[in-house]
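Trainee: Take this sequence and fold it.
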Amino acid sequence: MMRMWTVLVFACLAGSALGQDAERKVKADDFEGELAGWSALKLDGGGIAEDGEAKLSISKEAARVKAGKGALSYAYEVVPGSLRLLALQRELALEGMKSLRLFVKCSAATAVVVSLNERGGASYQCSVTCAAGAWQEIAVNLDEFTVDDPAKDDNGKLDPGEVVSLHVLDIAAFVSTILPELKGPRTLGLDEIVFSSRAVPATTGPAQVTKVVPAFRVDSFETAVIRWIPISVDFADGPKFGLFQVPASIDASAPPAGGKQSLKFTYPRHATKVHGLMRGVEKVDLSSARSIDLWMKTSADGTYILNLEEKDGSRYNVKLELRSADGWKSFSFELADFVLADDSQDENAKLDPGQIKQVLIADATGLLGGAAADSATLWIDEVLFIQE
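Mentor: Reported below is the predicted structural model:
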């Protein structure tokens, strides 16, 4: 009898396993052997070429390795006007793959862009903010990558089987021309670059609010991936713009209607300095958007600005009040109600949803005469553009 039950249990377990698709993986590199296939490139006025000034190596130091015994170490210098990047240039055989996971460690707080490049020249990208000196997991679905130039791809969709190279670059190269304090030597580490046939939780992309109301989800923050960039504007001598001066993190707090996590941002509140969070959406078609919804919570009563910037640089605002006693609070703003910023110009003085390139949430309390604070914390969650 015992043998019969054992056979039945085994048969049930085997049947359950057979009913599920086995996960398949493609390991682009784990850096456990020799450095192969990787190159350091430089793009400047002379075109793209090998970067003889950068240094690539396999590090075996435990402090510089995330998994196993080796990791890639990339030493380079941020120089205004010169774009430096890592490149793995070979076909990756990604047919059937749905997600990518890798680990990145940056010596300075920044955002890195990971791009997958198709045979026809189209480049699909995702940008992730990384804290200084810590391994950051990047786990994203391939359909969350956005095309850099739609004209280079007829279907506007990443084809895994067409991927012929992978690039990683530090966005400091883009902004060091206007923020010279970002220039200087840096080190970036990579480890465990793996593609999988299984999807990870989707945190951005098309969504359904109800069965009949479509939306674009800017972010749900349900993974470790942070796509928002911390910014600051100091008006004491300026204005002077800054990036990555205070970190943002994923927090185990969420609104009643949300998931399990949110984005947490802790910063000082002063009379002459504004801190905020910025998220680029310039590669997304928002032409049918009619409103923006989000949840927010604060540790200190204050006045916040929700800003939408168009591709031509014109900026539109709505102002909102938050009290710490409110806890999580839901907001919904019609795009038609956004007002052109006082220091901005637009040819029609009307927000064009199809031209939105950036979302910014900023604490303007100190600037508007509110009480200063050595530390204030803002949480945001479930940011959605509701469509027609």
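
Trainee: Enumerate the strands of the stretch 201-350 of the chain by residue range, in sequence order.
Mentor: 205-208, 214-219, 229-234, 240-243, 248-251, 262-269, 273-280, 289-298, 302-310, 315-322, 329-334, 339-340 (DSSP state E, counting those that start in this stretch).

Trainee: Give me the residues contacting the second one.
Mentor: Yep, that's strand 214-219 we're talking about. 202-209, 227-228, 263, 279, 281, 284, 286, 289, 293, 359, 382-387 (Cβ atoms under 8 Å, 6 or more residues apart in numbering). The C-beta positions use only the backbone N, C-alpha and C, and glycine is treated the same way.

Trainee: Which among these count as buried?
Mentor: 202-204, 207, 227-228, 263, 279, 281, 284, 286, 289, 293, 359, 382-387 (16 or more other Cβ atoms under 10 Å).

Trainee: So Trp379 sits against Thr266, correct?
Mentor: No: with contacts counted by Cβ atoms under 8 Å, Trp379 stays clear of Thr266, the gap being 9.8 Å.

Trainee: These two: who's more crowded?
Mentor: Trp379 (22 against 16; other Cβ atoms under 10 Å).

Trainee: Spit out the contact partners of Ala300.
Mentor: Shown in contact with Ala300 (Cβ under 8 Å, 6+ apart): Arg269, Ser324, Thr365, Ala371, Ala373, Ala376, Thr377.

Trainee: Tell me which two of these sit farthest apart.
Mentor: Spanning the widest gap among the contacts of Ala300 are Ala371 and Thr377, at 15.0 Å by Cβ to Cβ.

Trainee: Neighbour count: these two, which is higher?
Mentor: Ranked by neighbour count (other Cβ under 10 Å), Ala371 and Thr377 place Thr377 first, with 15 against 12.

Trainee: Could you say which helix or strand holds that one?
Mentor: strand 373-387 (DSSP states H and E).

Trainee: Specify the angle between that strand and strand 289-298 in degrees.
Mentor: On the basis of axes from the mean of the first three to the mean of the last three Cα atoms, to 10 degrees, strand 373-387 is oriented at 160 degrees to strand 289-298.

Trainee: other SSEs contacting strand 373-387?
Mentor: strand 214-219, strand 262-269, strand 273-280, strand 289-298, strand 356-363 (3 or more Cβ pairs under 8 Å, 6 or more residues apart in numbering; DSSP states H and E).

Trainee: now do 7 Å
Mentor: In terms of contacts (3 or more Cβ pairs under 7 Å, 6 or more residues apart in numbering; DSSP states H and E), strand 373-387 is packed against strand 214-219, strand 262-269, strand 289-298, strand 356-363.

Trainee: possible to save the ones you listed as CSV with distance to Leu102 and mean pLDDT?
Mentor: Below are the helices and strands packed on strand 373-387 laid out as CSV (distance: least, Cβ to Cβ, whole Å; pLDDT from 0 to 100):
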stretch, distance to Leu102, mean pLDDT
strand 214-219, 20, 96
strand 262-269, 21, 97
strand 289-298, 29, 97
strand 356-363, 26, 98
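
Trainee: mind putting these in JSON lines, distance to Gln125 included?
Mentor: Shown next, in JSON lines, are the helices and strands packed on strand 373-387 (distance: least, Cβ to Cβ, whole Å):
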{"stretch": "strand 214-219", "distance to Gln125": "16"}
{"stretch": "strand 262-269", "distance to Gln125": "21"}
{"stretch": "strand 289-298", "distance to Gln125": "22"}
{"stretch": "strand 356-363", "distance to Gln125": "15"}
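
Trainee: Kindly state the pLDDT recorded for Asn155?
Mentor: Per-residue pLDDT puts Asn155 at 85.

Trainee: And the helices in the stretch 51-200 of the chain?
Mentor: Per DSSP state H, counting those that start in this stretch, the stretch 51-200 of the chain carries helices over the ranges 172-175.

Trainee: can you give me the strands for it?
Mentor: Applying DSSP E, counting those that start in this stretch to the stretch 51-200 of the chain gives strands spanning 55-59, 71-78, 83-88, 99-106, 110-118, 123-130, 135-141, 146-147, 163-170, 184-196.

Trainee: any idea how far Ser59 is from Gly68?
Mentor: 11 Å (Cβ to Cβ, to the nearest Å).

Trainee: I misspoke; the intended subject was Leu368.
Mentor: Where Gly68 is concerned, Leu368 sits at a distance of 52 Å (Cβ to Cβ).

Trainee: go on, Glu388?
Mentor: Going from Glu388 to Gly68 by Cβ to Cβ gives 50 Å.

Trainee: same deal with Ile356?
Mentor: Counting by Cβ to Cβ - Ile356 and Gly68 are separated by 43 Å.

Trainee: Compare neighbour counts for the two and give me the winner.
Mentor: A side-by-side neighbour count of Ile356 and Gly68, using other Cβ under 10 Å, places Ile356 first with 24 against 12.

Trainee: Touching, the more buried one and Asp285? I think so.
Mentor: No: if you go by Cβ atoms under 7 Å, Ile356 and Asp285 don't touch, sitting 9.9 Å apart.

Trainee: Looking at the record's assignment, how would you partition the chain?
Mentor: Listed by automatic domain parsing, the domain ranges of the chain are 25-196, 205-387.

Trainee: That'll do, ta.
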